[in-house]
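Enquirer: with the input below, show me the fold.
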Amino acid sequence: MAKNSPVFRCSACGATSGRWLGRCAQCGEFATVVEEAPAPPTPGLKSTAKASAPTRPARRVSDVVTGGPVPRMTTGIGEFDRVLGGGLVAGQVCLCSGPPGSGKSTLLLAVADSVAQRTDSVVLYVSGEESVEQIAVRARRIGAGSPNLLIADDTDLGTVIGHIHAHGPDIALVIIDSVQTIASSDIEGRAGGVTQTMEVAQVLSRVAKSRGIPMVLVGQVTKDSTVAGPRALEHIVDTTLSLDGEKHTSLRVLRTVKNRFGSLEVAAFEQTEQGMQEVLDPSGLFREQRDAPVPGTCVAVTMEGHRALTAEIQSLVAPTTNPNPRRGVSGLDSARSAMLIAVSERAAKLRLYDKDVFLATVAGMRVSDPSTDLAVCLAVISAAQGQPVPIDLVAIGEVALSGDVRPVPMLIERAAEAARLGFHRLLVPSGSRARLNGRQLPATLVEVANLDEAITAMRRAGLSSIR
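Expert: A predicted model of the protein is given here:
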């Protein structure tokens, strides 16, 4: 019977039924069955749970917080440790996702081998997608041959937990590839379904935290590059990593999407025949190396966690006969890019209503930092007027709808990275020199208050006119 459906009750004997009857089926009386309205729910009292004494009383935060840093276990792969915040924490559950072929399994197998060699402890790699023989082929290819690295191919949750318990306290790291292929025999539903995925993730998380074992779960992704299964899966884990890259390039970018034990960082790897190789200085990957300036390009400095990276913004403005000109964006936020195109059009007195405008980043880099706004505007203006931005200039600043150039955080780190890479002129918001705290840089700071001043400053410097 539905929760809010009407109830028919006999006034003679009290018997109930789900529909009206002329004669009560219980006592046989006629015309005694009447309809009763369902009782409305009581606000705030929908749960029947009763108060019970807690098994562990609440504690003072001053009694729990320790003074020292959180102890971490380094994996030996510097870029992987960077995105984790310095290494793995005991009991940490990490979810690593990425499209097929991005190199998740290859990277984690190298991590497992490195941890096994450094700690001289057992590392367990469980795959539900490949056989032991297939994993061994990849291990030989990348040189992962530590005797402490154990591999298994099981899809039953109970068996996986049995593998973990079999090695007791000697186990240093567990990798499950992937969480969508593991299923529990106690739960109905197919492997990879919402119910099974949540049950598997919750059980494995409890095992990791109760035994203090770091655990990495590989997550499959959907067509739109989101983690397959329930979104609550990302709430269960402590850290979420995303490995992505262009299909036709060997560059792979590992990003921290969530991290309870550190900041959000980014690392770069190159996929080779010998496995995933670290790229220690990725700044050069996200900008073109050229000897002469090209119209429609401008370099910005973006922050990924505590790492400053240079990113080249490219723009193309082309005439079109289409009554609705296109606005194509790759690697940037499309809504913000449309706003910046409009601001640039007004500030430089451009006519873009009859032209297609395209914006992109180099090497498939995804940029969401507002500090790249000034570079986007200058790239659009440069492309529209055919005047190149100076090759030794970096633009740093957020642009408002009014055209004002606003300050951005972590300016010292951005300016230092630009100066390290040989850029001699930094176009920055007004007041930036005072924010450097007296630090001297081998570069010239050009402060601008709005987009008009940015264009004028470049013309006065005699570098290149873009007006």
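
Enquirer: need phi/psi at the nearest residue to residue 36 once chain neighbours are set aside.
Expert: Closest residue in space to residue 36, ignoring its immediate chain neighbours: residue 7 at 4.8 Å, by C-beta to C-beta, 6 or more residues apart in numbering. C-betas here are computed from N, CA, C, even on glycine. Main-chain dihedrals, residue 7, degrees, to the nearest 10: phi -120, psi 130.

Enquirer: kindly report the same for residue 244.
Expert: Backbone torsions of residue 244, given as degrees, to the nearest 10, read phi -140, psi 170.

Enquirer: could you measure from it over to residue 358?
Expert: Relative to residue 358, residue 244 is positioned 22 Å away (C-beta to C-beta, to the nearest Å).

Enquirer: and for residue 457?
Expert: On the measure of C-beta to C-beta, residue 457 and residue 358 end up 26 Å apart.

Enquirer: looking at the two, which is more packed in?
Expert: Counted by other C-beta atoms under 10 Å, residue 457 and residue 358 do not tie: residue 358 has more neighbours, with 18 against 15.

Enquirer: work out for me the element that one sits within.
Expert: strand 355-361 (DSSP states H and E).

Enquirer: same thing with residue 379?
Expert: Here residue 379, judged by DSSP H and E, is contained in helix 373-385.

Enquirer: tell me which other helices or strands the following helix or strand past that helix touches.
Expert: Counting by DSSP H and E, the next helix or strand C-terminal to helix 373-385 is strand 393-395. Using 3 or more C-beta pairs under 8 Å, 6 or more residues apart in numbering; DSSP states H and E as the contact test, the elements touching strand 393-395 are strand 297-304, helix 373-385, strand 425-429.

Enquirer: which parts of the stretch 51-200 of the chain are strands?
Expert: 72-73, 88-89, 93-97, 122-127, 149-152, 171-177 (DSSP state E, counting those that start in this stretch).

Enquirer: out of the ones you listed, which is closest to residue 343?
Expert: strand 93-97 (35.4 Å; C-beta to C-beta).

Enquirer: what are the pairing partners of that closest one, and which direction each?
Expert: Strand 93-97 sits in its sheet next to strand 215-219 (parallel), strand 239-244 (parallel), going by DSSP bridges.

Enquirer: so which of the ones you listed comes closest to residue 139?
Expert: Minimum separation from residue 139 across those (C-beta to C-beta) falls at strand 215-219, 16.0 Å.

Enquirer: and the contacts of that closest one?
Expert: Residues outside strand 215-219 that contact it (C-beta atoms under 8 Å, 6 or more residues apart in numbering) are 92-97, 104-105, 108, 111, 173-180, 201, 204-205, 207-208, 227-229, 233, 237.

Enquirer: show the average pLDDT along whichever helix or strand residue 203 is part of.
Expert: Element membership of residue 203, judged by DSSP H and E, is helix 194-211. In this model, helix 194-211 has an average pLDDT of 93.

Enquirer: and the angle from it to strand 93-97?
Expert: 140 degrees (axes from the mean of the first three to the mean of the last three C-alpha atoms, to 10 degrees).
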